[in-house]
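J.: model the following, please.
(2 chains)
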Amino acid sequence: MQILLPDQSRLELPEGASGLEAARTIGPKLAEQAVGVRVNGELRDLRLPLSDGEQIEILTTRNSGDPDALVVLRHSAAHLLAEAVRRLYPGVKIAIGPAIENGFYYDFDFPEPIAEEDLARIEEEMRRELAEGREWRREELERDEARRLFTEQEEPYKVELVDEAEGTISTYSQGDFTDLCRGPHLIDSKPVKALKLTALAGAYWRGDSANKQLTRIYGTAFFSKNDLEAHLVRLEEAKKRDHRRLGAQLDLFHFDEHSPGSPFWHPRGMTIFNQLEALRLRENARRGYLEVKTPLIYDKALWVTSGHWEKFRENMFLIPVGEEHVYGIKPMNCPGHMLLFGSKLRSYRDLPLRYAEAAPLHRNELAGALHGLTRVRYVTQDDAHLFCAKDQIPTELDGCLDYLRYLYGLFGIEPRAELSTRPENKLGSDEEWDFTEGELRTALDRYSIPYVLGAGEGSFYGPKIDLHITDVLGRSWQMGTIQLDAQMPARFGLTYVGADNREHPVYVIHRALLGSFERFIGILLEHTAGDLPLWLAPVQLRVIPVGEDHAEAARAIVEGLRRAGFRADLDDRAESVGRRIRDAELEKIPRLVVYGDKESPDDLAVRERGGAQSRKSLKELVLELTPLSSLPVS
RNA sequence: GCCGGAGUAGCUCAGCUGGUAGAGCAAGCGCCUUGUAAGCGCUAGGUCGUCGGUUCGAGUCCGACCUCCGGCUCCA
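T.: Sure thing, here's the model as predicted:
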């Protein structure tokens, strides 16, 4: 048979030859370094047979940046971990251990809880395995055989996986350790040159909080010690961009234990917040939205009507009022907007009606879920509800997607889109969900937006288009969301009078495009490392008088800049010029003006963040910065 | 909420096996009058997260709670 190589040349091989044999035919060195094979673009075990006409690419220890090569390495490292744990902790049950981005993990059910100190011990055992050397053997089994094997080994989690496995059941063994596994794996443990166990955490069996919580051990592995070092350095660098750290450094916000999960916005952070709010107001006005303000607390009865009492109560802050009543602080704006829409008779001539409100919302998020600005209890969405007739849905969805593109384009952020469909605890019938999900899907297609499917991840009242962004530590956060809802307007009995003088049902699009100001600012800080564009920078310019004698003239420059609409301040501390420049750089101030004997309002020394210097008049400076300083126009 | 870890000055951290706390930076004051990323000196600053327990004696040992960090679950 003939196999196609990456350079388009053909390789003649005996029928049924494996990837490893292909590598050997090309060269012994290649076979030695081979860790896996990509067949027609898909990762496959080296031991598996190839077929005639397949296009292959041998992955080796030299492909240290190739995710597939690393997957093979790390997945094998996970098996080394499992072997070590089994040897050290008799009675432990093993669950699953895949490679993940940047490493691997393995889940165990320990008879006695282990602590972080144990990791060193386990790592040592793994090193011993590496010193001895391990070879992996692949075997294919019948389901019954596999079942018997893992029953004998008293591995109930593996038995459960065997029972649910589809297709060929295979095992990989190294030493006297055998694991149920689809592969692929290394041929032997030689390529594992750098190994590190990184963390210990709880994780529910099969990711379901109703199941038993297992102990997850995280680790990472590389083809070289240098790669591991580089990875650790990258992690350190990433930590410097962490928005929680930047928030303190740049004096933007802080948290206090008296109100966990609720940021205290400092003046500088509030400037960023307000600039985004100004952008929201201007752009909403341009796009035919109407700003409203609705109450923060509502009687329980409203939440019963909206469905939140049934589906969202555990996330709500409730306030008992007297003996009789319970009020709920709103976690979303929608029910209030429903009341507003329903406050009078609506005609088809009123539609679409786009109500916008960026109100404070409170959600009692699980204590362990809170995370800086990206997961808060006091959240401010750039929210709006678009009330429309059925046939207006496509146009309104288009409007949202266009708005979305505009906003994310402004910030140079490229989110991933996800279509989240009906969840288990949904309201309404399957027919209604078929319709609303279909509307969202076709809208995405009209806009040629690539998306992944989030099956079962919709809101309880409707499906969503969600935008996700990854933070500096690799965690994915949901930002903007567009949700199509037939349930809530129906529950509130919302209708409009059509041209036919009859009542028709109203549809609502819930949409928050930045998502929330809090999370968006957190992500923006991490993406920019705090180097915000001029229009968002809390302090845009700082004037530094060289000596005491220059303070007055410098103050006049600050005044001039402020009158021109800039956020400017003066640093006339009795510190050296070098010191004050350093402090301003650390504060990420975009422009500095150093003012001494050589300067006049017609000849200023301007320094850009980072160091570039130039000379210009105050007038020129104002002219240059004004377009960058005001809200961006499309 | 669950698993693991941590909480000492505004920040970053030291404090060995129990004997009433220390550094650097920041702050305040003074000196220097500064030319593009840290000038010098002095001073002040801590209920050692909270509550309880063991002990002659607790930052240190034990327990509960609170908060934070890393995961899981959940979400903008």
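
J.: domain map for chain A?
T.: The record's domain parsing of chain A by automatic domain parsing lists A:2-60, A:67-237, A:248-528, A:541-629.

J.: and stretch A:306-317, which residues are buried?
T.: Under the neighbour-count criterion of 16 or more other C-beta atoms under 10 Å, stretch A:306-317 has A:306, A:307, A:308, A:309, A:311, A:312, A:316 buried. C-beta: built from backbone N, CA, C; applies to glycine.

J.: lowest pLDDT pick from the residues you listed?
T.: Least confident by pLDDT among the buried residues of stretch A:306-317: that is residue A:311, with 89.

J.: that one touches residue A:424, doesn't it?
T.: No: in this structure, residue A:311 is not within contact of residue A:424 by C-beta atoms under 8 Å, at 10.7 Å.

J.: follow-up on the earlier one: identify, from the buried residues of stretch A:306-317, the entry nearest to residue A:475.
T.: Distance to residue A:475 across the buried residues of stretch A:306-317 (C-beta to C-beta) is lowest for residue A:312, with 23.6 Å.

J.: do you know how far the nearest residue to the closest one once chain neighbours are set aside is from RNA strand B?
T.: In space, and not counting its chain neighbours, residue A:312 is closest to residue A:331: 6.3 Å by C-beta to C-beta, 6 or more residues apart in numbering. Applying C-beta to the nearest atom of the strand, to the nearest Å, the value for residue A:331 to RNA strand B is 9 Å.

J.: now residue A:331, what's its secondary structure?
T.: coil (DSSP: H, G, I helix; E, B strand; the rest coil).

J.: the helices in the stretch 201-350 of chain A, which residues?
T.: A:225-240, A:243-249, A:267-286, A:300-306, A:308-311, A:334-341 (DSSP state H, counting those that start in this stretch).

J.: tell me where the stretch 1-150 of chain A has helices.
T.: Going by DSSP H, counting those that start in this stretch, the stretch 1-150 of chain A shows helices at A:19-26, A:28-33, A:67-88, A:117-132, A:143-152.

J.: to residue A:357, which of those lies closest?
T.: Of all the helices of the stretch 1-150 of chain A, helix A:67-88 comes closest under C-beta to C-beta, at 43.1 Å.

J.: what inclination does that closest one have with respect to helix A:225-240?
T.: 100 degrees (axes from the mean of the first three to the mean of the last three C-alpha atoms, to 10 degrees).

J.: thinking again about what came up before, okay if I get the helices of the stretch 1-150 of chain A as JSON lines plus distance to RNA strand B and mean neighbour count?
T.: Below are those laid out as JSON lines (distance: least, C-beta to the nearest atom of the strand, whole Å; neighbours: other C-beta atoms under 10 Å):
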{"stretch": "helix A:19-26", "distance to RNA strand B": "32", "mean neighbour count": "19"}
{"stretch": "helix A:28-33", "distance to RNA strand B": "32", "mean neighbour count": "15"}
{"stretch": "helix A:67-88", "distance to RNA strand B": "14", "mean neighbour count": "23"}
{"stretch": "helix A:117-132", "distance to RNA strand B": "7", "mean neighbour count": "15"}
{"stretch": "helix A:143-152", "distance to RNA strand B": "23", "mean neighbour count": "15"}
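
J.: of the helices of the stretch 201-350 of chain A, flag the one that's most buried.
T.: By mean neighbour count, with neighbours taken as mean count of other C-beta atoms under 10 Å, helix A:334-341 ranks first of the helices of the stretch 201-350 of chain A at a mean of 22.

J.: how far off centre is that helix?
T.: Relative to the chain's own centre, helix A:334-341 is displaced by 30 Å; criterion: C-alpha atoms, centre = their mean, to the nearest Å.

J.: the spatially closest residue to residue A:103 that is not a sequence neighbour bridge partners, please.
T.: Nearest non-adjacent residue to residue A:103, counting by C-beta to C-beta, 6+ apart: residue A:220, 3.4 Å away. Here residue A:220 shows beta-bridge partners residue A:196, assigned using DSSP bridges.

J.: neighbours of residue A:220, how many?
T.: Residue A:220 is flanked by 25 other residues according to other C-beta atoms under 10 Å.

J.: re earlier: for RNA strand B, which of the helices of the stretch 201-350 of chain A is the nearest?
T.: Minimum separation from RNA strand B across the helices of the stretch 201-350 of chain A (C-beta to the nearest atom of the strand) falls at helix A:243-249, 5.2 Å.

J.: contact partners for residue A:111?
T.: Counting by C-beta atoms under 8 Å, 6 or more residues apart in numbering, residue A:111 touches A:89, A:91, A:92.

J.: out of those residues, which end up buried?
T.: By neighbour count, with 16+ other C-beta under 10 Å, the contacts of residue A:111 hold A:89, A:92 as buried.

J.: now the contacts of residue A:111 in JSON lines, with pLDDT?
T.: What follows is these, written out as JSON lines (pLDDT from 0 to 100):
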{"residue": "A:89", "pLDDT": "92"}
{"residue": "A:91", "pLDDT": "91"}
{"residue": "A:92", "pLDDT": "93"}
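
J.: nearest to residue A:300 among the contacts of residue A:111?
T.: Distances from residue A:300 to these, taken by C-beta to C-beta, are shortest for residue A:92, at 48.2 Å.

J.: so the closest one touches residue A:109, yeah?
T.: Yes: in this structure residue A:92 lies within contact range of residue A:109 using C-beta under 8 Å: 6.7 Å.

J.: thinking again about what came up before, any chance of the contacts of residue A:111 in a markdown table, with distance to residue A:385 too?
T.: Shown next, in a markdown table, are the contacts of residue A:111 (distance: C-beta to C-beta, whole Å):
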| residue | distance to residue A:385 |
| --- | --- |
| A:89 | 54 |
| A:91 | 56 |
| A:92 | 52 |
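
J.: how much space separates the residue nearest to residue A:182 when sequence neighbours are not counted from RNA strand B?
T.: Leaving aside its chain neighbours, residue A:182 sits nearest to residue A:170 (6.3 Å; criterion: C-beta to C-beta, 6+ apart). Distance, residue A:170 to RNA strand B, using C-beta to the nearest atom of the strand: 25 Å.

J.: partner residues bridging residue A:170?
T.: Here residue A:170 sits in beta bridges with residue A:140, as judged by DSSP bridges.

J.: give me the contacts around stretch A:576-585.
T.: Contacts with stretch A:576-585, where a contact means C-beta under 8 Å, 6+ apart, come from A:542, A:544, A:546, A:571, A:573, A:575, A:592, A:594, A:607, A:609, A:610.

J.: the fifth one: neighbour count?
T.: The burial metric for residue A:573, expressed as a neighbour count using other C-beta under 10 Å, is 11.

J.: where's it relative to RNA strand B, distance?
T.: The spacing between residue A:573 and RNA strand B, counted by C-beta to the nearest atom of the strand, is 7 Å.

J.: what's that residue sitting at in phi/psi?
T.: Backbone torsions for residue A:573, taken as degrees, to the nearest 10, come to phi -60, psi 160.

J.: next, give phi and psi for the closest residue to it other than its chain neighbours.
T.: Nearest residue to residue A:573, sequence neighbours excluded (C-beta to C-beta, 6+ apart): residue A:580, at 6.6 Å. Residue A:580 adopts backbone torsions of phi -70, psi -30, taken as degrees, to the nearest 10.
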